[in-house]
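Colleague: Kindly generate the corresponding structure for this input.
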Amino acid sequence: MKFCKIFPVLIFAIIICFSCKKSKETYTKKVTQTETSEFTDDIKTYYFQVLDSAAFFIKKLDTLNTLKINQNYFLESRKWYKKAEPLLIAYDYENYLSLNAPNLLKVEMEDYTEIKKIKPKSYQVLEEYLFGEDTIDAKELHRVYSYLQARIPYIRKNHILIRQKDRHHLKMMRDAIVNVATKGITGFDSPMLANSLNEAIYNYETLERIIEIYEEAFTDASLYSKWKEEFKNIIAYLKAGYFDTFDRYQFIKKHTNKQLELVNKTALDWNIALNNSRALNPKANNFFATDFFNKKMFAPPHAPEITAENIALGKELFNDKLLSKTGTVSCATCHIKEKAFTDGFAKAIGSNGKKLERNTQTLTYALYQKTFFYDGRSSDLEAQIVNVTNNKNEFHIDLGEMEKKVKNNIAYKGKFDKIYGGKLTDFTIRNAIANYIRSLAPFNSKFDKNMQGLENTLTIEEKNGFNLFMGKAACATCHFPPTFSGTVPPKFNETEFENLGITKTADFNHPILDEDPGLFYPFKVEERRGFFKTATVRNIELTAPYMHNGAFTTLEEVVSFYNFGGGAGMRLDVPYQTLPADSLHLTKKESNAIVAFMKTLTDETYLEK
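Modeller: Take a look at the predicted model:
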């Protein structure tokens, strides 16, 4: 009787077993261009696992623990956070920014009545409290870790990993690769421990897991094998490195670029198109290629296409003194090509012959900034031109009058008819000039050509300089590659401002703090005093003197200033300095190498006569 009762159950189990086996043999997940990815649930499961692990260890932090115990729990939680990071960047960017925020007061300024001052509550703050403070404020420590203890489960509960398409997951991988190369190996978010190489490994372990989840989607099995081999190689390369001596030049040239190429080959294999409505060109295979960025995404919404014709027209207008009220100055008066579109003065000279308040910035690579002027008072190049035209010390002309002067020029009218369909307005005038400025980013310096594999001419000193710039000297934690400006990867939708405690002169033995208030105005926020936009160091060999006040005449002086730890490092009163006040402890040889590297960023275009 027992056998009779059990037998049907056994038969049913066997049928189920065989049907499952058959299903597994005949069913294969597929990649699709339009439908929700069949792999999202597996990716979501992994995402939950790493978030739960990060939450588990952060939950164990307690002010009653010994310092050593809290340090160990922090490191474990941070490891799992770093595994979640590629997915956070792609699918929960605001929470990524919150969890990964630097230990700096954030000030949001909308108007005089809407000013928010936000103290960060992030892993970076915890790292500084647990590993950098002589005495720990228990109340502050609790404020930060209690936020993370609540926030990570909240992120898990309110995730949006639901309807992602396969192209979203592939773009997530691409952004993670870019993020590691631009920030992950520089010490950007591990300022105290410099644990960047280990944390890059955690990022890559997640990318490897994503590829494993997608294994059956590959039509070309050898491509999957290439991914696996690359992950093996890059993790081994990172494990063998030390932060101060890590070869970031070879890392990007041999690995980052290879991974970008694998992303594009994978898109072809999966027959999907990556979205081209973002800052990065999804088809670029080289981190320093001229097509790495999508230029259109750095122009105002609905602006006319950037074409060779409107660039040429913009160049003509840029050099034409007609646009100024007196007819005596043009854009080129202060932005001289041979000086990488600067003027060589400590502070710009106005149309009336008087000094302006700040140094003339280079226009090269300006298109990849999200804010303009040292105080960020313009949001795009077209708006920046309005400030120049209206300034009584520059063009001193209103837009209507400028438009009328151009309309009265028969040659210009014909060109606008042809290029802008007869729309000759102050905006199309400004757009043409802006598009010319957008063309001033050729990525054809000695450094670029070496990174692009077009030549092999960098000296050992120059390579060492790049590695120091990206590592020990911490330059790249503010000057992000490939533009080496303050526009923040991997989204490139924000340009940073920093307070360096700039001195009036290069006399570092008797330093005097520069008095320019920077972002203090127009809202009179004390915590923004002395903040200025982070400019590009590309073409820096041609753009002396340096800093917003032109205080330093040589690159050696610039490096020395940073080596001292800025104004605060010279014991000046700079309460909100963002540059660490500790010395970088750079040797003379190391300082010279950094200068040598920066000189390789001179575009050959601006050396042509």
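Colleague: per the record, what domains does this protein have?
Modeller: Split into domains by automatic domain parsing, the chain comes to 7-36+165-295, 41-164, 306-438, 450-607.
Colleague: Quick one, which of the ones you listed gets closest to residue 444.
Modeller: With C-beta to C-beta as the criterion, residue 444 lies closest to domain 450-607 of the domains of the chain, at 5.4 Å. Where C-beta positions appear, they are placed from N, C-alpha and C, glycine not excepted.
Colleague: In stretch 234-244, which residues are buried?
Modeller: 234, 235, 237, 238, 241, 243 (16 or more other C-beta atoms under 10 Å).
Colleague: and which of those is nearest residue 274?
Modeller: Looking across those and measuring by C-beta to C-beta, the closest to residue 274 is residue 234, at 21.5 Å.
Colleague: quick revisit: okay, the domains of the chain in JSON lines with mean pLDDT next?
Modeller: Rendered in JSON lines, the data for these read as follows (pLDDT from 0 to 100):
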{"stretch": "domain 7-36+165-295", "mean pLDDT": "88"}
{"stretch": "domain 41-164", "mean pLDDT": "94"}
{"stretch": "domain 306-438", "mean pLDDT": "93"}
{"stretch": "domain 450-607", "mean pLDDT": "96"}
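Colleague: Save the ones you listed as TSV, and put in distance to residue 444 too.
Modeller: Converted to TSV, these look like this (distance: least, C-beta to C-beta, whole Å):
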stretch	distance to residue 444
domain 7-36+165-295	8
domain 41-164	30
domain 306-438	11
domain 450-607	5
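Colleague: quick revisit: which of the buried residues of stretch 234-244 fall in strands?
Modeller: Judged by DSSP state E, those include no members of strands.
Colleague: from those, which single one is nearest residue 136?
Modeller: The closest of the buried residues of stretch 234-244, once distances to residue 136 are taken by C-beta to C-beta, is residue 243, at 24.4 Å.
Colleague: Which residue is the nearest non-sequential neighbour of the closest one?
Modeller: The shortest distance from residue 243 to any non-neighbouring residue, by C-beta to C-beta, 6 or more residues apart in numbering, is to residue 194 (4.3 Å).
Colleague: show me what contacts the one you found?
Modeller: 187, 243, 244 (C-beta atoms under 8 Å, 6 or more residues apart in numbering).
Colleague: Pretty sure the last one sits against residue 473.
Modeller: No. With contact defined as C-beta atoms under 8 Å, residue 244 does not reach residue 473; the gap is 9.8 Å.
Colleague: hang on, the earlier thing: looking at the contacts of residue 194, spot the one nearest residue 366.
Modeller: For the contacts of residue 194, the nearest to residue 366 is residue 187 (27.0 Å; C-beta to C-beta).
Colleague: Residue 228 against residue 211, yeah?
Modeller: Yes. The pair residue 228 / residue 211 is scored as a contact, 7.2 Å apart, by C-beta under 8 Å.
Colleague: more crowded one of those two?
Modeller: In this view residue 228 and residue 211 are compared by other C-beta atoms under 10 Å, and residue 211 has more residues nearby, 20 against 14.
Colleague: got the contact list for the host helix or strand of the more buried one?
Modeller: Assigned by DSSP states H and E, residue 211 belongs to helix 196-213. Contact with helix 196-213 is made by 39, 42-43, 46, 50, 78-80, 82-87, 169, 172-173, 176-177, 179-180, 184-190, 224, 227-228, 231, 234-235, 238-239, 241-243, 246, as judged by C-beta under 8 Å, 6+ apart.
Colleague: Tell me how far it lies from the chain's centre.
Modeller: With C-alpha atoms, centre = their mean, to the nearest Å as the basis, helix 196-213 stands 20 Å off its chain's centre.
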